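K.L.:
Provide a 3D model corresponding to the input given below.
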Amino acid sequence: MRQPSTTTLLIQSGTLVTPEGIFQADLLVQGERIKAIGRGLPVAHDTRMIDAEGCYVLPGVIDAHTHIALDTGIYRTPDDWFVGTRAAACGGVTTVVDFATQFPGQTLREAVEARLEEAREAVIDYALHVMVTDLPPGREGELADLVDMGTPSIKLYTTYRP
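P.N.:
Numbering: from 1, shown residues only. Got it, this is the predicted structure:
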C-alpha cells in the first residue's frame, strides 16, 4: 500500500538464510525483488552496497496481528504508524497486518479509507483486516467492496449479542 522502492541494492558477504539452506553469498535486490544470489555479482555504478560480513541476512517477517494506534472508542494507544512500523522494522518485521475498525455510522469502505489515511506514515509494507461491527441487511455488498480495495481478511465477532 506504500510506493514500491526503485533502488538497486547489493548486500555483500552475508550469511543468507533461505529455505534451501544457510550459506555465504551476496544478494542483489532491484526495486522490491531479489534479482540474484551469488558471489561477485555484476552491478551498476550507482548500486547501493551494504557490507554484511559477519551478519545474517534473513527474509522479512510478517506480523499478521498488530494494534498500531489502536482506537477502541474508549482509549487510543500512544503509538502512530510511523513509530509503530519503525519499531517493527528494527525487529526485522517488513510487513504488518493491522485492523480497520468500523465505528458506529461508518460503512466498511469508510472504515478502510480512514485507516489507510492514518497508515500513510508507515515505513514498511502493511495490509488491513477489517473489523466488521455493523452490517445491516441489504448492505452485504459492502463485503465485495473490501475485496476490490485489496483487503485480505475480515474479523467478525460472533460471541457477543448485538
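K.L.:
okay, domains of this structure per the record?
P.N.:
For the chain, the structural domains run 8-59, 62-156, going by automatic domain parsing.
K.L.:
quick one: which helix or strand includes the closest residue to R86 other than its chain neighbours?
P.N.:
Among residues not flanking R86 along the chain, V123 sits closest, at 5.3 Å (Cβ to Cβ, 6 or more residues apart in numbering). In this view, the C-beta of every residue, glycine as well, is placed from N, C-alpha and C. Following DSSP states H and E, there is no helix or strand that holds V123.
K.L.:
residues contacting V123?
P.N.:
Going by Cβ atoms under 8 Å, 6 or more residues apart in numbering, V123 touches F82, T85, R86, A89.
K.L.:
from these, which is closest to D134?
P.N.:
Closest approach to D134 among these (Cβ to Cβ): T85, at 28.6 Å.
K.L.:
and the helix or strand hosting the closest one, average pLDDT?
P.N.:
Using DSSP H and E, T85 maps to helix 81-90. Averaged over helix 81-90, pLDDT sits at 97.
K.L.:
what residues of the strand or helix carrying E117 count as buried?
P.N.:
E117 belongs to helix 108-118 when assigned by DSSP H and E. Neighbour counts over helix 108-118 (16 or more other Cβ atoms under 10 Å) mark L108, R109, A111, V112, A114, R115, L116 as buried.
K.L.:
export these as TSV, with columns for pLDDT.
P.N.:
Output for the buried residues of helix 108-118, formatted as TSV (pLDDT from 0 to 100):
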residue	pLDDT
L108	95
R109	94
A111	95
V112	96
A114	96
R115	96
L116	95
